[in-house]
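Q: coordinates only, no sequence provided:
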């Protein structure tokens with residue numbers, strides 16, 4: 001960027017950010033204003049007369065004597081050549097995930113019709129139900145890969161807000177999980193006004209991922225409990241399970257993609273469930289955190305602004 005065109009303020013710099021990265025970068029800048037220490041940020045920018053380029057910003061937050069945000073200093077490096085293969089890979093994954101949806105849907109619908117309308121013998125019925133269950137698991141993994149690549153490419157997930165009720169969303173998840181796990185106990189508690197402007201499908205995924213995690217890692221003889229509470233301008237959803245606590249080292253990185261506590265040998269999945277749940281909360285302008293101890297069990301909490 002020529003010296004006479006170089007932006008001086010954060011707002012001016014944001015005009016150079018690629019539209020696909022704008023929300024993510026603006027959110028990172030807001031976060032840096034209230035945090036201290038070093039940071040690393042990769043940004044897609046628009047330079048005059050050139051195609052979009054990727055830069056890596058490494059720096060440190062500066063504060064005045066009163067502790068207020070005063071700016072940041074650091075270095076900027078063009079990393080376009082390194083990022084291009086990553087972007088291609090992510091777009092390829094997104095395309096494959098999207099294209100797999102149609103045949104998976106056809107398998108689920110066709111097999112469900114066989115179960116409902118054809119007079120199958122016992123063995124055939126059992127096989128058809130296994131096909132349906134397997135297709136649902138694959139479909140869930142495809143959705144997670146698609147969400148992951150959206151986050152990698154765009155920095156955020158699509159969020160179609162409309163008036164929804166968090167209590168009803170939680171109840172639908174509990175009903176579905178009860179059917180899928182007949183040998184497990186899943187409890188629901190809710191209180192107060194739980195209306196808000198939310199993406200109901202996304203919050204269904206958030207709660208479902210947390211319940212699945214509780215069923216996978218919790219004590220199979222104890223219930224997994226879903227709670228939804230009125231918190232004034234926000235609503236709080238909590239998923240709790242008893243069982244062995246999460247080690248502190250794992251708890252610190254539990255929302256990172258592909259980094260999870262030790263998984264049972266019988267488990268399936270990509271290790272993206274908690275990462276996706278955390279990003280859904282962030283997409284709604286909320287936050288998610290986890291606590292775990294031998295006495296209190298493991299608890300995941302998400303605080304979600306209503307935006308009514």
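A: Okay, I see it. What you are looking at is a predicted structure, and each value in this text was computed from that prediction instead of being measured. Numbers count the residues shown, from 1 in each chain.
Q: okay, and for the stretch 1-150 of the chain, where does confidence drop off?
A: 1-9, 20, 47-51, 87-98, 101, 150 (pLDDT under 70).
Q: which residue ranges of it form helices?
A: If DSSP state H, counting those that start in this stretch is used as the criterion, the helices of the stretch 1-150 of the chain fall at 10-14, 22-34, 80-117, 122-154.
Q: equivalent analysis for the stretch 201-308 of the chain, please.
A: Residue ranges of the helices in the stretch 201-308 of the chain, as given by DSSP H, counting those that start in this stretch, are 248-251, 273-283.
Q: please identify the deepest-packed of the ones you listed.
A: Across the helices of the stretch 201-308 of the chain, averaging neighbours per residue (mean count of other CB atoms under 10 Å) puts helix 273-283 on top, at a mean of 23. Glycine gets a C-beta too; all of them are placed from N, C-alpha and C.
Q: just to revisit the earlier point, now the helices of the stretch 1-150 of the chain in TSV, with distance to residue 240 and mean neighbour count?
A: Formatted as TSV, the helices of the stretch 1-150 of the chain follow (distance: least, CB to CB, whole Å; neighbours: other CB atoms under 10 Å):
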stretch	distance to residue 240	mean neighbour count
helix 10-14	40	13
helix 22-34	28	15
helix 80-117	31	13
helix 122-154	22	16
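Q: tabulate these (JSON lines), appending distance to residue 289.
A: Converted to JSON lines, these look like this (distance: least, CB to CB, whole Å):
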{"stretch": "helix 10-14", "distance to residue 289": "27"}
{"stretch": "helix 22-34", "distance to residue 289": "15"}
{"stretch": "helix 80-117", "distance to residue 289": "27"}
{"stretch": "helix 122-154", "distance to residue 289": "19"}
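Q: picking up where we left off before, of the helices of the stretch 201-308 of the chain, which approaches residue 184 most closely?
A: The stretch from these with the least distance to residue 184 (CB to CB) is helix 273-283; that distance is 16.8 Å.
Q: for the closest one, packing partners?
A: Other elements packing on helix 273-283 under the criterion 3 or more CB pairs under 8 Å, 6 or more residues apart in numbering; DSSP states H and E are helix 122-154, helix 200-217, strand 287-293, strand 297-305.
Q: distance from the chain centre to that helix, please.
A: Its chain's average C-alpha position is 2 Å from that of helix 273-283, according to CA atoms, centre = their mean, to the nearest Å.
Q: equivalent analysis for stretch 61-68, please.
A: 33 Å.
Q: what sits up against it?
A: Applying CB atoms under 8 Å, 6 or more residues apart in numbering, the set of residues contacting stretch 61-68 from outside is 32, 35, 36, 37, 39, 69, 70, 71, 72, 73.
Q: number of nearby residues for the third one?
A: For residue 36, the neighbour count with other CB atoms under 10 Å is 12.
Q: got a list of what it touches?
A: If a contact means CB under 8 Å, 6+ apart, then residue 36 has 61, 63 as its contacts.
Q: where's it relative to residue 61, distance?
A: Between residue 36 and residue 61 the computed distance is 5 Å (CB to CB, to the nearest Å).
Q: from residue 35, how far out is the residue nearest in space to the middle of the chain?
A: Nearest to the mean C-alpha position of the chain, counting by CA atoms, centre = their mean, stands residue 276 at 1.9 Å. Distance of residue 276 to residue 35, given as CB to CB: 24 Å.
Q: over to residue 194?
A: For residue 194, the distance to residue 35 (CB to CB) stands at 31 Å.
Q: hang on, the residue nearest to the centre of the chain packs against residue 148?
A: Yes: the pair residue 276 and residue 148 qualifies as a contact (CB atoms under 8 Å) at a distance of 7.1 Å.
Q: got any ranges where the stretch 201-308 of the chain has weak pLDDT?
A: Confidence mapping of the stretch 201-308 of the chain against pLDDT under 70 gives the ranges 258-270, 308.
Q: same thing but 90
A: Within the stretch 201-308 of the chain, the stretches with pLDDT under 90 are 201, 247-273, 275-276, 279, 282-283, 285, 307-308.
Q: please say which of residue 194 and residue 35 ends up with more neighbours.
A: residue 194 (23 against 10).
Q: I'd guessed that one sits against residue 228; true?
A: Yes: Residue 194 is in contact with residue 228 according to CB under 8 Å; the separation is 5.6 Å.
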